[in-house]
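S.K.: No letters, just coordinates:
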């Protein structure tokens, strides 16, 4: 690790893939600082006033108050609405085109001078934020679980950010089932539900986009959600080695097997798992095996093939269970 660069582990993948849980476990390991879906700091935290993982608002949280002071002098010196608009411009939010079309403009910013300007301005803002987080936390590596491809692309290609991508993959049938459930979100209406076919298509293009990024030379490590839940100790050791963090053989705050300790931390945005504290037992969420119909399962398998095989998920035969 070099001295001038800020070191960021970008957790990448679809929604409902276990990123908040994995980030919190990593945040309990010395050398790591988990910050949650940091791209939503501007709108959900500074504008809407939602709490960080400690239960306090970002403006009232001692950790985030110190970060704001270090980065900008104070949070009041940041135009959060402008920052939100900048982030939206990277996603083509105001244009009638899908999110994936933004990715070539991040890889090749010369395609559009206005896009390049927005990309540079937002990247500068995020770099100041990352550096302040590293300073206040005294951590070696910041764990950013924003996940979405445009954010990961934009941050990973910054010259003064040593970015490594942790590509977290979950079985697409589990993702499709989670996309059908109504889950209350902090400060929001029920989240958008997607039909299995749409969830499968989204799973495919998002995961393939991170394969493309890896082919552009960004250091990338694939972790399967199911492998992490079954053996968090081994997977965290592997992730730490990938991130360049030296650690003892034993992972702090774990209780053997697949039990882990959730300390108070300061994740911004993400699911409600960021508020859970105390010891928990990790379990594979495979309700999809009984809750998805055979037709829904075949649909998901059809639209996610061959990535299903690439990541080690075969078609499932109920009679084999």
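M.R.: Cool, got the structure. As the structure is a computational prediction, the values presented were derived from the model and not from experiment.
S.K.: Where does pLDDT dip in the stretch 51-200 of the chain?
M.R.: 182-192 (pLDDT under 70).
S.K.: switch to 50 and redo it
M.R.: 185-187, 189-190 (pLDDT under 50).
S.K.: ok, which stretches of the protein are strands?
M.R.: In the chain, the strands defined using DSSP state E lie at 6-12, 32-36, 141-147, 161-169, 220-224, 259-262, 278-281.
S.K.: Show the contacting residues for residue 10.
M.R.: Contacts here follow CB atoms under 8 Å, 6 or more residues apart in numbering; on that basis residue 10 touches 144, 146, 151, 152, 155, 156, 163, 164, 165, 166. All C-beta atoms are positioned from the backbone trio N, CA, C, and that covers glycine.
S.K.: give me the number of residues near the fifth one?
M.R.: Spelled out, it's residue 155. Using other CB atoms under 10 Å, residue 155 has 23 other residues around it.
S.K.: Report the contact partners of it.
M.R.: Counted by CB under 8 Å, 6+ apart, residue 155 has contacts 8, 10, 123, 126, 144, 161, 163.
S.K.: Contacts only, for the nearest residue to the third one once chain neighbours are set aside.
M.R.: It stands for residue 123. Leaving aside its chain neighbours, residue 123 sits nearest to residue 158 (5.2 Å; criterion: CB to CB, 6 or more residues apart in numbering). For residue 158, the contacting residues are 123, 126, 127, by CB under 8 Å, 6+ apart.
S.K.: And for the first one, the neighbour number?
M.R.: Which is residue 123. Neighbours around residue 123, by other CB under 10 Å: 20.
S.K.: Distance of it relative to residue 151?
M.R.: Distance, residue 123 to residue 151, by CB to CB, to the nearest Å: 11 Å.
S.K.: next one: residue 180
M.R.: Remark: distance between residue 180 and residue 151 (CB to CB) = 25 Å.
S.K.: what's the answer for residue 217, then?
M.R.: The gap separating residue 217 from residue 151 is 18 Å, by CB to CB.
S.K.: neighbour count winner among these two?
M.R.: residue 151 (23 against 9).
S.K.: Could you double-check that the more buried one sits in contact with residue 39?
M.R.: Yes - look at residue 151 against residue 39 with CB atoms under 8 Å: they come within range, at 5.0 Å.
S.K.: mind giving me TSV with the contacts of residue 158 and columns for distance to residue 50?
M.R.: Output for these, formatted as TSV (distance: CB to CB, whole Å):
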residue	distance to residue 50
123	24
126	19
127	24
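S.K.: Show me the helices in the stretch 51-200 of the chain, by range?
M.R.: For the stretch 51-200 of the chain, applying DSSP state H, counting those that start in this stretch gives helices covering 62-72, 80-90, 103-107, 113-137, 149-156, 172-180, 196-215.
S.K.: Between the ones you listed, which one is closest to residue 31.
M.R.: Residue 31 lies closest to helix 113-137 among the helices of the stretch 51-200 of the chain, at 10.1 Å (CB to CB).
S.K.: If anything else comes up later, I'll come back, but that's it for now.
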